[in-house]
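# attaching a predicted model along with its sequence, questions to come.
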Amino acid sequence: MAATNVASRTSMFLAPSQTSGKAQAAGLQDWTDGSLRSFSLRKNSVTASKAQTVQKKARGPLVVKAVVPKNLVDVTTIDEQKFEALVLRRVVFNHDDWKKHKSSGRYFRHMKSIFTSKVIGALGPAVSVMTGIAAGVVGWNELVTMGALPEWAPVLHMSNLPYTLTAPALSFLLVFRTNASYGRFDEARKMWGLMLNRTRDITRQALSYMARDEHTYEYPKRAQFIRHLQAFPLAYKHHFLQEGSLEEDLRQFTTLSDEEIAGILAATHRPNYVLLVMSECMRSCHMDPIYRVAMEANFATFADDIGGSERLFKTPIPLSYTRLTSRFLVLYHMFLPFALWDPLGWLTIPVTATCAAIFFCIEEVGVLIENPFPILALDVIAQSARTNAAELVSLHEGICNLVAKDT
């Protein structure tokens, strides 16, 4: 009889996709496939609308306006491919991943993937332009040396002293850029980790402290509270990511009613709406004030996490610093071939290309992690919050019966 009660009460909270490990995996795969299909449609529509123009207007480190093959300067397509790679590489490490990560063969593995890296591929336009400038300088100087140009044509070269003086400044700019970006990435991960911890704690509190109805001896408000608690990570995630559908996720991964889903979707700030519903559920249970204070502390943490995430999302690293680093980086490599000609000759071309690839790659990594939300595995964290809550619900009544038996 006790087992029947546990099963009946558990079914109030658990979504169909949460009743088995295989169903969970299938649901997560469906969500991933849906996100990539939505992403693919956006990519195709953007590419089609941009197909008639070569000149691109971009607020990035470099605006390419050269008459070169379209596939070289199709910055929109390159950026979309880079974003797609970030989506596919959102991972949460396990023991095997850490072993592979620390493996002595990681150098060969990393070099093997260098030509398939979307991040490195995104540097194609900038590095190609810098390499083209180097090739132009080398070609001009060779023609001057061969006497193929008029006598007044000068050799394009300069002292390397300016580069000796300015190289530390460029290094400082890049180091500060990447450190500041990583600080934002680390802060975002900590906030999402804290959210996961608080959902576990507030689920435990709700199961232990929220009383049953005086007339029906059921827990309707507690059930509604848990349903919205499982919806909170989804609303939180979609508040910062433009991929997938919140409505589809709510229907697939929660047991919210149509009316409850409609209420969430109608709200402008959906995470706040979910927190308000949970707060009202708690208030209507007439809890002991001491327990309510403990649960309110978790609500305050949720609100702080949302506010902190909004701060990171809406406030980038000062744009003046980003522009300064970008301009310095471009000018540094534009004039680098002039300083390399005298000591290197034809080697100026590959050396310029290599230097540009290295320095632009460092700056690119800083830009990518500046907005951490598309990189973090938010879907995995949200799924952990939901499944942890569901597990506590399924175990609670059995634990209550066990404790009552011992007393």
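Nice, thanks for sending it over.
# mind listing what T254 touches?
Residues in contact with T254 (C-beta atoms under 8 Å, 6 or more residues apart in numbering) are A15, R227, Q230, A231, L234, R386. The way it works is simple: take the backbone N, C-alpha and C, and place the C-beta from them, glycine included.
# can you flag which of those belong to helices?
The helices in this structure, assigned by DSSP state H, contain R227, Q230, A231, L234, R386 from the contacts of T254.
# G366 and R177 touch, don't they?
Yes: judged on C-beta atoms under 8 Å, G366 makes contact with R177 at a distance of 4.1 Å.
# D305: neighbour count?
For D305, the tally of surrounding residues (other C-beta atoms under 10 Å) stands at 20.
# elements contacting the helix or strand that contains it?
Taking DSSP states H and E as the definition, D305 sits inside helix 289-314. Under the contact criterion of 3 or more C-beta pairs under 8 Å, 6 or more residues apart in numbering; DSSP states H and E, helix 289-314 touches helix 161-209, helix 220-238, helix 270-283.
# for F359, find the nearest of those.
When the helices and strands packed on helix 289-314 are ranked by proximity to F359, the top entry is helix 161-209, at 6.9 Å, counting by C-beta to C-beta.
# how distant is the closest one from the center of its chain?
Taking C-alpha atoms, centre = their mean, to the nearest Å, the mean C-alpha location of helix 161-209 is offset from the chain mean by 12 Å.
# angle of it against helix 220-238?
Here helix 161-209 runs at an angle of 170 degrees relative to helix 220-238 (axes from the mean of the first three to the mean of the last three C-alpha atoms, to 10 degrees).
# which strands and helices sit next to helix 161-209?
With contacts defined as 3+ C-beta pairs under 8 Å, 6+ apart, helix 161-209 has these neighbours: helix 220-238, helix 289-314, helix 319-334, helix 336-344, helix 348-370, helix 378-406.
# so who does H239 touch?
Contact analysis of H239 by C-beta under 8 Å, 6+ apart lists H269, R270, P271, I306, S309.
# one more time with 10 Å, if that's ok
With contact taken as C-beta atoms under 10 Å, 6 or more residues apart in numbering, H239 is in contact with L246, H269, R270, P271, N272, I306, S309, E310, F313, F373.
# what's the ChimeraX line that selects buried ones from the residues you listed?
Selecting only the buried members of the contacts of H239 in ChimeraX, with burial defined as 16 or more other C-beta atoms under 10 Å, works like this:
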select :246,270,271,306,309,373
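# before we move on, back to that, between the contacts of T254, which sits nearest V137?
Compare each of those with V137 using C-beta to C-beta and the shortest gap goes to L234, at 54.8 Å.
# what residue ranges in the protein are flagged as low confidence?
1-90, 212-218, 406-407 (pLDDT under 70).
# one more time with 80
1-92, 115-119, 211-219, 286, 404-407 (pLDDT under 80).
# okay, domains of it per the record?
Here the domain parsing of the chain from automatic domain parsing is 31-180+338-369, 187-314+377-406.
# got those domains as TSV, with distance to R323 columns?
As requested, the domains of the chain are exported to TSV (distance: least, C-beta to C-beta, whole Å):
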stretch	distance to R323
domain 31-180+338-369	9
domain 187-314+377-406	19
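# deepest-packed of the ones you listed, please.
With neighbours taken as mean count of other C-beta atoms under 10 Å, these reach their highest mean count in domain 187-314+377-406, at a mean of 17.
# on that earlier part again, to Y321, which of the domains of the chain lies closest?
domain 31-180+338-369 (7.5 Å).
# all helices for the stretch 51-200 of the chain, in order.
In order along the chain, the stretch 51-200 of the chain carries the following helices (DSSP state H, counting those that start in this stretch): 70-73, 75-88, 95-101, 106-112, 118-121, 124-146, 161-209.
# for those helices, give me JSON lines that also has distance to M282.
Compiled in JSON lines, the helices of the stretch 51-200 of the chain are given as follows (distance: least, C-beta to C-beta, whole Å):
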{"stretch": "helix 70-73", "distance to M282": "56"}
{"stretch": "helix 75-88", "distance to M282": "36"}
{"stretch": "helix 95-101", "distance to M282": "39"}
{"stretch": "helix 106-112", "distance to M282": "49"}
{"stretch": "helix 118-121", "distance to M282": "45"}
{"stretch": "helix 124-146", "distance to M282": "54"}
{"stretch": "helix 161-209", "distance to M282": "8"}
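# and S284, which of those helices is closest to it?
Comparison of the helices of the stretch 51-200 of the chain against S284 by C-beta to C-beta identifies helix 161-209 as nearest, at 12.7 Å.
# hmm, back to that, and of the helices and strands packed on helix 289-314, who's closest to L344?
Distances from L344 to each of those were compared by C-beta to C-beta, and the smallest falls on helix 161-209, at 12.9 Å.
# now the closest one against helix 336-344, angle please.
Our comparison of helix 161-209 with helix 336-344, counting by the same axes, to 10 degrees, yields an angle of 120 degrees.
# orientation of helix 161-209 relative to helix 289-314 in degrees?
Compare the direction of helix 161-209 with that of helix 289-314 by the same axes, to 10 degrees and you get 150 degrees.
# can you add distance to R109 and give the ones in helices among the contacts of T254 back as a markdown table?
Shown next, in a markdown table, are the ones in helices among the contacts of T254 (distance: C-beta to C-beta, whole Å):
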| residue | distance to R109 |
| --- | --- |
| R227 | 44 |
| Q230 | 38 |
| A231 | 40 |
| L234 | 35 |
| R386 | 34 |
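# tell me the one of those residues nearest D186?
When those are compared for distance to D186, the smallest value, 23.7 Å, is given by L234; criterion: C-beta to C-beta.
# what helix or strand is the spatially closest residue to the closest one that is not a sequence neighbour on?
Using C-beta to C-beta, 6 or more residues apart in numbering and skipping residues adjacent in sequence, the residue nearest L234 is D249, 4.8 Å away. Under DSSP H and E, the secondary-structure element containing D249 is helix 246-253.
# just the C-alpha atoms of that helix, please, in PDB.
Once side chains and other backbone atoms are set aside, the C-alpha atoms of helix 246-253 remain, and they are given as PDB (Å, rounded to 0.1, in the frame of the first residue of the first chain):
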ATOM      1  CA  LEU A 246      10.800  27.800 -24.300                       C
ATOM      2  CA  GLU A 247       7.300  26.500 -24.900                       C
ATOM      3  CA  GLU A 248       8.500  23.300 -26.400                       C
ATOM      4  CA  ASP A 249      10.900  22.800 -23.500                       C
ATOM      5  CA  LEU A 250       8.200  23.500 -20.900                       C
ATOM      6  CA  ARG A 251       5.900  20.900 -22.500                       C
ATOM      7  CA  GLN A 252       8.600  18.300 -22.900                       C
ATOM      8  CA  PHE A 253      10.500  18.600 -19.600                       C
END
